[in-house]
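Asker: what follows is a predicted protein model with its sequence.
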Amino acid sequence: MTQTPFTTELLAAGGPEWLTTKRRESLDLFNTLEVPHEGVEAWKYTQVSVDFAELRPHGKRERVADVASLPASVQERLNGTDVGAFLVLDGPDVVYRTELPAELSAKGVIFTDLKTAVEQYPDKVQQYLYSVVPAEVPDDTTIAAPGTTPSKSPDPSEGKFSALAAALWTNGAFVYVPRGVEVELPLGSFRVMSEAGTYTATRTLVVAEANSSVTFIDEQDSEDLPGTYAIGAVELVVKDGARLRYVSIQNWGKGVTHIQRQRGDVGKDATLNSLVVTMGGTLSRTEMQSYLRGQGSDSEMLALYFANDDQHFDHYTLQHHAAANAHSDLLYKGVGDDSSVGVFSGMIKVDLHAQKTDAYQKHRTLMLSSDARNYSVPQLEINANDVRCSHGSTTGPVDQEQLFFLRSRGISRELAEKMLVTAFLEDVLTRVPLKSVVAYIEGIIAKKVGAA
Amino acid sequence: MTVNPEVNDINNTYEYGWSNPERYAVKAPKGLSREVVEMISRNKDEPQWMLDFRLKALEIFYSKPMPTWGADLSGLNLDEIYYYIKPEGMNARSWDDVPDDVKKTFERLGIPEAERAALAGVGAQYESEMVYHNLKEEWEKLGVVFLSIEDGLKQYPDLFREHFATIVPPEDNKFAAINSAVWSGGSFVYVPKGVKVDIPLQTYFRINAESSGQFERTLIIIDEGAQAHYIEGCTAPAYNSDSFHSGVIEIVVKEGARFRYSTIQNWSHNVYNLVTQRAAVYGHGVMEWVDGNLGSKVTMKYPACYLLEEGARGEVLSIAMAGRGQHQDAGAKIVHFAANTSGSIVSKSISKDSGRSSYRGLVKIYEGARNAKTNVECDALLLDEEARTDTYPYIEIEEKTARVGHEATVSKINDEQILYLQSRGLSEDQAAGLIVRGFIEPIAKELPLEYAVELNRLIELEMEGSVG
């Protein structure tokens, strides 16, 4: 077999044998898969043209001793945050971190980077790593009654980027909350990149043991970086009765291609709340998947995005009801301006016997430009009859009556439009009880709308 | 006529499962080949351009892969199909000239009776050819044309060639290509400017032979300001081996015209029904598809309205009912090319006994189609815990003034409603049947009375013993 472009990086990654084996298998898988093409339904509207042979890894950055030595944008961001502890990654590795409050450590809460966790907590990492986001595409083929015509299974090429993330992740956050422990302040990781024309692969693992609760905030921010790739995987383990809130804020600079699979495995009576915010990058593909494994589990899935210029945002969501009595509620709102492209594909799957499922999905798009494109594919695959499942998707321009009302109050058309766009997006945030994060997101929205 | 007892268990409620002994003027050998295509063309005594068209389409068919995005077609063996079977006696204008057993078939299906009672014209296709085609004189006098597609090509060569394969070209999809290569039968309809045909035209399709394919091709032109309603019905005997039906329907609705195409698809449960239906709608014209899919093993059918000029409107009303072993992959497409065009899709499906009904649809608004709007509503009813339903809507928008809404709901039969009806003396089956009829009522009421009654009766038959 010919040397693949990533062999060197694979060898450099190191780690215990189970992990190097996993990495090697993942790279082998990566090499057998094609980049998903137009004919793959899950990637119908988003094509990634990337020459992997030309990609080189993002350079390693030195650790810094204090916040003052971090990039200015990170410092600014850290000023306004109320997270209890955080990691800062620049490219492949951690450059700065704060420690958990002692009382949390005393309760057994772990918050560190994944590389350190592999060394210090090998059992916990081995138990959960790759369990939610493996190298291959998770097989979410709907379980149907015998005799019915089969559902389509995912195309193997949907595992192309997750295989890369599985093989070559360099670092990321690791959170572990023991049974019954409630972590009040959010924990977070701030990811930046600083070298154009490179790739970075990261992996985040959050484990919330039974009846625990925790919030994790995953922020990405950079200057403009032409030809730069951020490939990520986020694994969320929500055990029985636990509550996990996950927030991802993607605000990369221009030129960045962001491809990240985020998936939660939600146990009995457990709750996963997610919020996805997409503002940056040039090409962004974010998958948010809730696998409702346990009876009575619950998932709230929120997102907001604003695409302008030549940005291409693709949001792919899954509400997979594998157990009875589970509840899921999705609200994604997006704005498309200039010659941007917005894609939303959302799937509700209900397996055979997942009775009393209550699933809802709502996607709303505001179109500000006729050069913009919007593709919306809200889907259902239902195999149980005693369910409440519905979805709605609407696309339209700014409401003319609302615009007229504001203008009649002496507000200029331009400002009125900005107000309406802001209100349209911020509507999602009313459901997020995280004051400082919401304030930060409002700031990004204002910048993007041009109302700052 | 023989009943096919060996398949009664899978088609126990299907009442059209009998067949006639096979007696044919011409039967092509099994499978698809250049020779078969040439043989069809020769039998029809066609101009050279049509033979060339067929052969080119055959190449296109070979070059396209089987589609894998929709229903499961792995059981469809295209080599095991008879692509052309020409019955004895063709294209009669009087039922007296139709061979006896064929005539009896259509009598049993109630076609001549319906013709006398309520229709402006009737066509009847048996295997690959139209055996009967007649238009009442009063409409003929007004210049309405209602012919077999073959006679359309012979008698109106220019009008035919101007529109044929312009709306559904063979490149469109693999099944449009196979139809273009081996098409046979179907109707040619022209309604002149301003003529309003106020009672329906109907064509009935019957497959009789085992393992046969039917590839009718229909071309309908509704000229400016004209109006018409066309109804299509179909049945086939129940066999153990699969049959294959792949029609292409092309419709032109000119400025200010209005046309409705209604289908009650009731193929036996061994038929693969893969159909391409599309209408081109010009300025302020209105196209309505009323599509009922009850029969077949697998159906893939998405009636389309291409709204080409300002003010055009497209509507699709779709009902699907899927029982054991069936997959109804039905839906609709509304494509907006021009300003102030509007559309509406209402889809209702009923699934039971591991039957699967899917809504698959497209709403597309091209840049420049200002102030276009379409609304989509999909409701699925699941009758038992093994039933299944899917929704795959694609919404593609390139215009900021576009307004598109899509809503889908899934529900089961409400126990309280059943109990209430039982307390009024109905059996559980009757109660469920009543609820299902209420569910499809918005669509049934759009059909002429006799067809609405027929639809309700078919659903009642399908519903027997389905609850409890």
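Answerer: Nice, thanks for sending it over.

Asker: how about the residues of the stretch 301-450 of chain B near chain A?
Answerer: Neighbours of chain A within the stretch 301-450 of chain B, by C-beta under 8 Å from any C-beta of the partner chain: B:324-325, B:327, B:354-356, B:367-368, B:380, B:382-412. (Glycine included, C-beta is placed from N, CA and C.)

Asker: among those residues, which ones are buried?
Answerer: When these are checked for burial by 16 or more other C-beta atoms under 10 Å in any protein chain shown, the buried set is B:324-325, B:327, B:354-356, B:380, B:382-412.

Asker: so what's the nearest residue to B:P237 once chain neighbours are set aside bridging to?
Answerer: Nearest residue to B:P237, sequence neighbours excluded (C-beta to C-beta, 6 or more residues apart in numbering or on different chains): B:S19, at 3.5 Å. Beta bridges link B:S19 to B:T2, judged by DSSP bridges.

Asker: can I assume A:R413 is in contact with A:L403?
Answerer: Yes. Applying C-beta atoms under 8 Å, one finds A:R413 in contact with A:L403, separated by 7.2 Å.

Asker: ok so, going back, how close does the residue nearest to B:P237 sit to chain A?
Answerer: Taking C-beta to the nearest C-beta, to the nearest Å as the measure, B:S19 falls 26 Å from chain A.

Asker: so for the residue lying closest to A:T46 once chain neighbours are set aside, what's the pLDDT?
Answerer: In space, not counting the residues next to it along the chain, A:T46 is nearest to A:D314; the distance is 4.2 Å by C-beta to C-beta, 6+ apart. We note a pLDDT of 98 for A:D314 in this prediction.

Asker: please apply the same query to the one 3 residues further on.
Answerer: Looking at A:T317, its pLDDT stands at 98.

Asker: ok, A:Y246 - contacts?
Answerer: Shown in contact with A:Y246 (C-beta atoms under 8 Å, 6 or more residues apart in numbering or on different chains): A:V206, A:T215, A:F216, A:D218, A:V234, A:L236, A:Q262, A:G264, A:L272, A:N273, A:S274, A:L275.

Asker: mind redoing it with 7 Å?
Answerer: By C-beta atoms under 7 Å, 6 or more residues apart in numbering or on different chains, the contact set of A:Y246 is A:F216, A:L236, A:S274.

Asker: which is the next helix or strand following the host helix or strand of the first one?
Answerer: Read it as A:F216. Per DSSP states H and E: A:F216 is located in strand A:213-221. The C-terminal neighbour of strand A:213-221 among helices and strands, as given by DSSP H and E, is strand A:228-238.

Asker: how far does that following strand sit from its chain's centre?
Answerer: 7 Å (C-alpha atoms, centre = their mean, to the nearest Å).

Asker: and the helix or strand following that strand with strand A:228-238, angle?
Answerer: Using DSSP H and E, the helix or strand that follows strand A:228-238 in sequence is strand A:243-251. Strand A:243-251 and strand A:228-238 are oriented at 170 degrees to each other (axes from the mean of the first three to the mean of the last three C-alpha atoms, to 10 degrees).

Asker: next SSE after strand A:243-251?
Answerer: Following strand A:243-251 toward the C-terminus (DSSP H and E): strand A:256-266.

Asker: my guess is A:D386 is in a helix, correct?
Answerer: No. Counting by DSSP: H, G, I helix; E, B strand; the rest coil, A:D386 is not part of a helix but coil.

Asker: and it, how many neighbours?
Answerer: For A:D386, the count of nearby residues is 15 (other C-beta atoms under 10 Å in any protein chain shown).

Asker: okay, A:T4: pLDDT?
Answerer: As predicted, A:T4 sits at a pLDDT of 67.

Asker: how about the residue of the stretch 51-200 of chain A found nearest chain B, nearest residue that isn't a chain neighbour?
Answerer: Residue of the stretch 51-200 of chain A nearest chain B, by C-beta to the nearest C-beta: A:A145 (3.5 Å). Residue nearest to A:A145 in three dimensions, not counting chain neighbours: B:E386, with 3.5 Å by C-beta to C-beta, 6+ apart.
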